[in-house]
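A.B. asks: From the sequence below, what's the structure:
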Amino acid sequence: MSIEKRITSIIVEQLSVDEEMVTREVTLEELGADSLDMVELIMAIEEEFGIDVPEDEQEAIKTVNDVIRYLEDKLRAQKGENEDERA
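C.D. replies: Next up is the predicted model:
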């Protein structure tokens with residue numbers, strides 16, 4: 001399953017919204033996320049992808065696209081670190 005589909009699934013579950021509402025451009029606030037929802041959403045993402053999202057980086061995540069791009073970058077960096085360790 002792609003990162004986008006996994007994120008969409010998490011957002012649908014955490015925010016109880018219809019999948020059709022979850023587009024790359026929509027903000028999490030527009031989907032009804034308050035500060036508690038954001039904490040729970042970040043925790044679900046961390047668990048799903050096995051990463052840690054520092055608080056200072058969480059503040060930059062506003063849209064669904066922000067989440068996807070953040071994860072792509074984070075996972076790419078993590079993969080690079082793992083390859084460096086094997087060398």
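
A.B. asks: same for the lengthiest helix in the chain, what does it pack against?
C.D. replies: Using DSSP state H to assign secondary structure, the helix with the most residues in the chain is helix 64-86. Using 3 or more CB pairs under 8 Å, 6 or more residues apart in numbering; DSSP states H and E as the contact criterion, the secondary-structure elements in contact with helix 64-86 are helix 3-15, helix 35-49. To be clear about C-beta, it is placed using only N, CA and C from the backbone, and glycine gets the same treatment.

A.B. asks: let's see 10 Å
C.D. replies: Applying 3 or more CB pairs under 10 Å, 6 or more residues apart in numbering; DSSP states H and E, one finds that helix 64-86 contacts helix 3-15, helix 35-49, helix 55-58.

A.B. asks: so where's this structure shaky on pLDDT?
C.D. replies: Of all residues in the chain, those with pLDDT under 70 make up the ranges 82-87.

A.B. asks: Would you point out which residue is most central in it?
C.D. replies: By CA atoms, centre = their mean, the chain has its centre lying nearest to Val67, at 3.9 Å.

A.B. asks: residues contacting that residue?
C.D. replies: Contact criterion CB atoms under 10 Å, 6 or more residues apart in numbering gives 3-4, 7-8, 10-11, 24, 28, 41-42, 45, 53, 61 as the residues in contact with Val67.

A.B. asks: Distance from stretch 48-65 to the middle of the chain?
C.D. replies: Offset of stretch 48-65 from its chain centre (CA atoms, centre = their mean, to the nearest Å): 6 Å.

A.B. asks: so how far is Lys79 from Gly32?
C.D. replies: In this structure, Gly32 and Lys79 are 33 Å apart, going by CB to CB, to the nearest Å.

A.B. asks: re the thing from before, and the contacts of Val67, which of them are buried?
C.D. replies: A residue is treated as buried here by neighbour count (16 or more other CB atoms under 10 Å); on that basis the buried members of the contacts of Val67 are 4, 7-8, 10-11, 28, 41-42, 45, 53, 61.

A.B. asks: Nearest to Glu72 among those residues?
C.D. replies: Within these, proximity to Glu72 (CB to CB) peaks at Glu4, which comes in at 9.4 Å.
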